[in-house]
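**Student:** pasting the sequence and the predicted model now:
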Amino acid sequence: MVKKREINVQDNIISVITHNNEDYISLTDMVRAKEGNFFIEHWLRNRNTVEFLGIWESINNPGFNSVEFDGIKNMAGLNSFKISVKEFAKKTNAIGLIARAGRYGGTYAHRDIAFEFGTWISPAFKLYLIKEFQRLKEVEGNVNNLEWNFRRSLAATNYRIQTDAIKEKLIPWGDTPQKSDVYIYVEEAELVNLALFGITSKQWKEMYPKEAAQYKNIRDLIDTNKLIVLSNLESLNAMLIRRGTDKMERFEILREAATSQLTSLNKMVKDPGAIESPNKKKLPENN
């Protein structure tokens with residue numbers, strides 16, 4: 001039995017259904033919020049979209065047909081390339097996108113993918129979508145447990161995208177593991193930490209030795225707004241790495257994005273601390 005709920009995102013009613021015990025959000029409803037003549041197929045034609053879907057399926061779908069997907073990825077971005085959700089799902093055995101007929105019909109995407117699709121609507125729409133989805137989950141059940149699950153699912157995909165970009169563009173040894181590889185991954189994680197929190201994870205451990213002794217880290221105790229921005233910054237950093245942007249310029253771009261996005265998120269509700277983790281630690285604000 002399909003369970004349908006609705007959230008209101010900038011005066012647009014967006015349907016959310018449960019499919020295989022996971023939340024799927026209606027892309028069909030989301031499209032109505034975008035100005036101009038826009039179709040989901042336009043988004044699917046983009047090479048970055050196809051690569052994102054491939055990474056998501058590789059992480060979450062053991063039955064994903066990677067061989068068939070490689071053929072699709074090679075065609076993505078060409079003027080002649082066109083594929084529907086049904087075709088993509090059928091050819092690759094994808095589970096992240098579904099096209100339903102009849103009651104609750106339309107195109108739905110797993111919440112991870114729907115959040116990414118929200119970027120195509122507008123950055124502001126994406127942020128409101130995440131905020132309203134989180135509010136829905138808090139209403140539906142145990143707030144602490146759901147927040148933990150939300151943190152895990154939101155952070156996992158974009159962190160993987162960042163590490164894949166590092167492996168492809170910053171590590172010159174290909175498939176041969178090197179001891180120094182780990183330092184490159186750590187440096188990029190710390191770059192995001194500095195842009196968002198103004199401190200490194202090492203500095204945080206020195207400031208909060210009790211929490212560090214409990215194997216907690218700077219990212220475990222942040223509020224929901226910073227969690228959303230953290231996820232966005234990892235995705236942005238991956239894109240900049242692929243473009244070949246140097247580290248200093250990436251830091252300035254990330255820092256500016258962090259400040260701008262946090263300002264927008266904190267204006268969404270009168271009391272932005274209402275859904276913060278009760279265990280969160282106050283971190284220095286960006287100047």
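**Tutor:** Arrived safely.
**Student:** in contact with S264, which residues are there?
**Tutor:** 124, 127 (Cβ atoms under 8 Å, 6 or more residues apart in numbering). C-beta here means a position set from N, CA and C on the backbone, and glycine is covered the same way.
**Student:** contacting residues around N48?
**Tutor:** Counted by Cβ under 8 Å, 6+ apart, N48 has contacts M239.
**Student:** burial count for the closest residue to K247 other than its chain neighbours?
**Tutor:** Distances taken as Cβ to Cβ, 6 or more residues apart in numbering place L191 nearest to K247, at 6.7 Å, with adjacent residues excluded. Neighbourhood size, L191 [other Cβ atoms under 10 Å]: 20.
**Student:** so L191 makes contact with N237?
**Tutor:** Yes: if you go by Cβ atoms under 8 Å, L191 and N237 touch, sitting 7.0 Å apart.
**Student:** between the two, what contacts are shared?
**Tutor:** Residues touching both L191 and N237 by Cβ under 8 Å, 6+ apart: 250, 254.
**Student:** now do the same contact list for the residue nearest to K247.
**Tutor:** Applying Cβ under 8 Å, 6+ apart, we find L191 in contact with 237, 247, 250-251, 254.
**Student:** isn't I121 up against M30?
**Tutor:** Yes: under the criterion of Cβ under 8 Å, I121 makes contact with M30 at 6.0 Å.
**Student:** picking that back up, quick check: the residue nearest to K247 vs N225, distance?
**Tutor:** Counting by Cβ to Cβ, to the nearest Å, the separation of L191 from N225 is 20 Å.
**Student:** partners of I98 in the sheet?
**Tutor:** Y108 (DSSP bridges).
**Student:** quick one on the thing from earlier: ChimeraX command to pick out the buried ones of the contacts of L191?
**Tutor:** Written as a ChimeraX command, the selection of buried residues from the contacts of L191, which uses 16 or more other Cβ atoms under 10 Å, is:
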select :237,250,251,254
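**Student:** domain parsing for this structure?
**Tutor:** 4-117, 142-275 (automatic domain parsing).
**Student:** would you list the ones you listed in JSON lines and tack on mean pLDDT and distance to K126?
**Tutor:** Shown next, in JSON lines, are those (pLDDT from 0 to 100; distance: least, Cβ to Cβ, whole Å):
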{"stretch": "domain 4-117", "mean pLDDT": "88", "distance to K126": "6"}
{"stretch": "domain 142-275", "mean pLDDT": "73", "distance to K126": "8"}
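**Student:** okay if I get those domains as a markdown table plus distance to Q134?
**Tutor:** As requested, those are exported to a markdown table (distance: least, Cβ to Cβ, whole Å):
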| stretch | distance to Q134 |
| --- | --- |
| domain 4-117 | 10 |
| domain 142-275 | 6 |
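**Student:** remind me, longest strand of the chain?
**Tutor:** strand 12-19 (DSSP state E).
**Student:** show me what counts as buried in it.
**Tutor:** Buried, per 16+ other Cβ under 10 Å, within strand 12-19: 12, 14-17.
**Student:** just checking: what are the partner strands of the next helix or strand after it?
**Tutor:** Using DSSP states H and E, the helix or strand that follows strand 12-19 in sequence is strand 22-26. Here strand 22-26 has these sheet partners by DSSP bridges: strand 12-19 (antiparallel), strand 106-110 (antiparallel).
**Student:** mind checking the end-to-end distance for stretch 239-254?
**Tutor:** One end of stretch 239-254 sits 11 Å from the other (Cα to Cα, to the nearest Å).
**Student:** list the buried residues of that stretch.
**Tutor:** Counting neighbours by 16+ other Cβ under 10 Å, stretch 239-254 gives 240-242, 250-251, 253-254 as buried.
**Student:** please flag which of these sit within helices.
**Tutor:** Counted as lying in helices by DSSP state H, out of the buried residues of stretch 239-254, are 240-242, 250-251, 253-254.
**Student:** how about these in CSV, adding distance to N74?
**Tutor:** As requested, those are exported to CSV (distance: Cβ to Cβ, whole Å):
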residue, distance to N74
L240, 24
I241, 22
R242, 17
R250, 28
F251, 34
I253, 30
L254, 31
